[in-house]
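> Quick one: sequence and predicted model below, then my questions.
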Amino acid sequence: MSRRVRRRVERRGTAEVEAQEIEMLSSDMKGVLDWTRLPDDTVIQLFSCLNYRDRASLSSTCRTWRVLGKSPCLWQALDLRPHKCDAAAAASLASRCENLQKLRFRGPESAVAIINLQARSLRQISVDGCRKITDASLSVLAARHEALECLQLGPDLCERISSDALKAIAICCPRLQKLRLTGIHEIDADAINALAKHCPNLMDIGFIDCRKVDETAMGNVTSVRFLSVAGTCNIRWGMVLQHWKKLPHLTGLDVSRTDITPTAVLRLLKLWHSLKVLCALNCRAVEEDAAFVSNNNHKGKILFALSTDNFKGIASLFADTTKNERNVFLDWRNMNIKDRKLDEVMKWLEWTLCYALLRISESNPPGLDNFWLNQGTSLLLSFMQSAEEEVQERAATALATFVVIDDENASIDPGRAEAVIRVGGISLLLNLARSWQEGLQAEAAKAIANLSVNANVAKAVAEEGGINILANLATSMNRLVAEEAAGGLWNLSVGEEHKGAIAEAGGVKSLVDLITKWSGTAGGEGVLERAAGALANLAADDKCSIEVASAGGVHALVTLARSCKVEGVQEQAARALANLAAHGDSNSNNAAVGQEVGALEALVQLTRSSHDGVRQEAAGALWNLSFDDRNREAIAAAGGVEALVALARSCSNASHGLQERAAGALWGLSVSEANSIAIGQEGGVAPLIALARSDAEDVHETAAGALWNLAFNPGNALRIVEEGGVPALVCLCSSSVSKMARFMSALALAYMFDGRLDQVALIGTSTESTSKSVSLDGARRMALKHIEALILSFSNPQAFSAAAASSATAALTQVTSSVRIQDAGHLRCSGAEIGRFVSMLRNPSSILKACAAFALLQFTIPGGRHALHHVSLMQNAGAPRVLRAAAAATGAPLEAKIFARIVLRNLEHHMESSLKSS
């Protein structure tokens, strides 16, 4: 490559190549873009915007690009954090890394493998994931890179590194200028003295979040200009004041998050002439001393604390104080001519303050709302515009963290989230997310994801094009980027207004592809959980659920439910399948899920999980699937009856959501008489009765619905009586807040005491009838009393009197309005059930007659979901003749007569509508 090309690349940095330039230089006569005709410098510019794997892949396309792909200017910096770097991978890169200057990697395996890069001229190393890195691997790393000038390990704690490794670093790396280590247990005098002896150029030291640092020896590192002991414990401040004053060049000192006292701070500022900047953020003793905080007279030296005006302090470093203090970092970055020493101070301040804010956001101490709203948010957004990638990443991470109140329940502080909007944070985050640097993409996507829990932020993200950005990032080969992007889509998809936009942006396919790609891959659990969670939210929308199924979502989610052992992934996969199956009337997804190989067996197996969330979502999916006739029988064949009875038996003390879904799934299965009998024989009556005693309205409804279906069978009816179910149903009938629960419990009681139970009790059908003393008469009287009370509770005396005195339609309409139970229109009865209510109209009991007429009224009200179905069944059962007889019977109660007349009118209405439509 010529010198001219190199200078041009360096000057342009990583700026985007203009499309017009590419088109003009590389289009053929027909206007078709020919990539092979691109100028070398343009190709190199494109290469510079790729990670090393994509760069290597693109280099393999042709001989010319292979040569260009090895250009030294492309391999001066390398970020291996997103990828697994073992010895083989490092060796394959060795031929390109001869001039490597800057390296970032993650974890102990990479630390061992790095020596295979053979990058002898390496100047900077930055390491994440340091917890398991040992003295041995760090010592070898130092020994193989003698030219090292900067070594940073953190922000994870270096739990297995001791002072021995520091001595090795000091001896092997004499050119070291910057050393920042986090979380070392103890840094002893020998290690610090070795640094003082062998590293004469060491000017920036960070011993952060350490247990102990030898204060006396630290005074011997006379070359140091910037020192951070932030978060370090057991510092003897008297020794600091005595020995660190021997540091003649110390310009910046960071004691943030330590137990330093106001007295020690004042003495540091007063006695050390070279000290210009002292950072003491989140030092409790300092912040709690009101007199100290209000004292701003530090003789020209700047103190940074949570309670000081930090922007003003930074601005005071510059001669020109007329500019907007909030833009001080931006103005500094844009300066054409910079003072070298001031530039060093600003770079150190930028890193130090950003790191301090990250640590403070992680611990989230109380009482910092004013700081975050007035200064902290603006500081973080300023750091996101830094020229240093690491500072940008840390700022985005802190922004993602400081808004979170409760990570477990995904709660964020609305004031902090909206403060990010006010100072233009959304556009900055989205710009970072557009970066070609994958570390920035991941951290920006994480911040967008967390902030989008707030509805106002989610709206702003969508309006500024964030959905398209996240959908694109979800296709990334980088696991961390894909994971955070999927998390952002998950949170955004909570809002109904964003679901369609996510689908239009290709988000559905991206999410399905993520599951397909990362299923069965070690370390991919976070991606899978977020992708499944986002699909679950999207599947709740009818149109989006169709797109999820069309994109292969059913197969992908069933595969997750079957094969993944991670509970969070199982929970979201089951929830997504439940939502896909919830649209039985509007699309074919319910049947499609049931027909997918292994789906029902997997969901049945998940109901046996030890995790309540997994069991709840699996039961919910089975409940929805049971609305399909074929699925209902297939669930039973897959062991669903036994599993769901066991679940209902075990969840008496569980969450109301789990109780509701366990009872709901049994309700759905019990629509089939064969399943109903099987549930009774499996012991399902007792746990349903226990759930009927729950204090939750939703559980009342599902338990009452299941017991209503079970009570249709005389054997189950007797079991309900024997297990003490009558008092439980009576309690629901009389006192539940839910009208549906009261209604269905009354119908269950009506089934039990319409005369069929007496015959079963006489011949001893129930296996337990001989061991229990049952008073059917007493139970019958109790049941009928409360059925009657329920019917009367819906009666409006004036409306009933008007209806009795007139045959006008308006009078019956008024009664219908007063007695209608809105959700009863969603109930679907079989021909046998309708026939039983029709037969009940002839029952000697006037209460049961009224109950049957009341039920048929609810099932046939125009507008009901299954009203036409019920009308057809009633016609087949000869109901009109029986209803006319009931309406005219002299001895029948007034309610039964009027209800019968309303049902007849409903039948006529539906018949007329059918004739008109035909």
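Perfect, thanks for sending it.
> Centre of the chain to the helix or strand that contains L349, how far?
According to DSSP states H and E, L349 maps onto helix 340-363. Relative to its chain's centre, helix 340-363 lies at 30 Å (C-alpha atoms, centre = their mean, to the nearest Å).
> Who are the packing partners of it?
strand 226-228, strand 252-254, strand 277-279, helix 310-315, helix 328-333, helix 377-383, helix 389-402 (3 or more C-beta pairs under 8 Å, 6 or more residues apart in numbering; DSSP states H and E). Just so you know, the C-beta spots here come from the backbone N, C-alpha and C atoms, and that holds for glycine as well.
> That helix - what's its average pLDDT?
Averaging pLDDT along helix 340-363 yields 95.
> Give me the angle between it and helix 389-402.
30 degrees (axes from the mean of the first three to the mean of the last three C-alpha atoms, to 10 degrees).
> mind listing what's buried in helix 340-363?
Residues of helix 340-363 classed as buried: 344-361 (neighbour count, 16 or more other C-beta atoms under 10 Å).
> next one: stretch 99-113
Quick answer for stretch 99-113 (16+ other C-beta under 10 Å): 100-113.
> Can you point out the buried residues in stretch 643-663?
643-649, 651, 656-663.
> and N709, how many residues sit next to it?
By the criterion of other C-beta atoms under 10 Å, N709 has 27 neighbours.
> Quickly note the distance from it to N282.
Relative to N282, N709 is positioned 61 Å away (C-beta to C-beta, to the nearest Å).
> Just to be sure, which of the buried residues of stretch 99-113 are found in helices?
107-113 (DSSP state H).
> Touching, D128 and R81? I think so.
Yes - contact criterion C-beta atoms under 8 Å: D128 and R81 qualify, at 5.9 Å.
> Next SSE downstream of whichever strand or helix holds A576?
For A576, the host element (DSSP H and E) is helix 567-580. Next along the chain after helix 567-580, taking DSSP H and E as the criterion, comes helix 589-595.
> Buried residues, that next one. List them.
Applying 16+ other C-beta under 10 Å to helix 589-595 flags 589-594 as buried.
> picking up where we left off before, overlap in contacts, D128 and R81.
Listed as contacting both D128 and R81 by C-beta atoms under 8 Å, 6 or more residues apart in numbering are 104-106.
> Can you name the residues that contact L353?
279, 281, 304, 310, 379, 383.
> so who does the nearest residue to the third one once chain neighbours are set aside touch?
Using C-beta to C-beta, 6 or more residues apart in numbering and skipping the chain neighbours, the partner closest in space to F304 is C279 (4.5 Å). With contacts taken as C-beta under 8 Å, 6+ apart, C279 has the following neighbours: 228, 230, 252-256, 304, 349, 352-353, 356.
> Let's see the pLDDT reported for C279.
Reported pLDDT for C279: 96.
> let's have the chain start at 5 instead
OK, 5 is where the count begins now, so the last one is C283.
> who's it bridged to?
Beta-bridge pairing of C283 under DSSP bridges involves D258, F308.
> Tell me the spacing between it and L307.
Counting by C-beta to C-beta, the gap from C283 to L307 is 8 Å.
> cool, S590 as well?
Distance from S590 to L307, by C-beta to C-beta: 64 Å.
> So which of these two has more stuff around it?
L307 (22 against 12).
> So that one sits against G317, correct?
Yes - using C-beta under 8 Å, L307 is in contact with G317, at 7.2 Å.
> contacting residues for the closest residue to D132 other than its chain neighbours?
In this structure, D132 finds its nearest non-sequential neighbour in R110, 4.4 Å apart by C-beta to C-beta, 6+ apart. By C-beta under 8 Å, 6+ apart, R110 lies in contact with 84-85, 131-133.
> swap in A448?
A448 neighbours (C-beta under 8 Å, 6+ apart): 400, 433-434, 436-437, 439.
> For K463, see how far away E701 is.
E701 is 32 Å from K463, by C-beta to C-beta.
> again with A694
For A694, the distance to K463 - C-beta to C-beta - is 44 Å.
> Can I get the helices and strands packed on helix 344-367 in a markdown table including distance to N800?
What follows is the helices and strands packed on helix 344-367, written out as a markdown table (distance: least, C-beta to C-beta, whole Å):
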| stretch | distance to N800 |
| --- | --- |
| strand 230-232 | 77 |
| strand 256-258 | 76 |
| strand 281-283 | 74 |
| helix 314-319 | 69 |
| helix 332-337 | 71 |
| helix 381-387 | 58 |
| helix 393-406 | 57 |
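> Burial check on S52, number of neighbours?
Other residues near S52 come to 19 when the count uses other C-beta under 10 Å.
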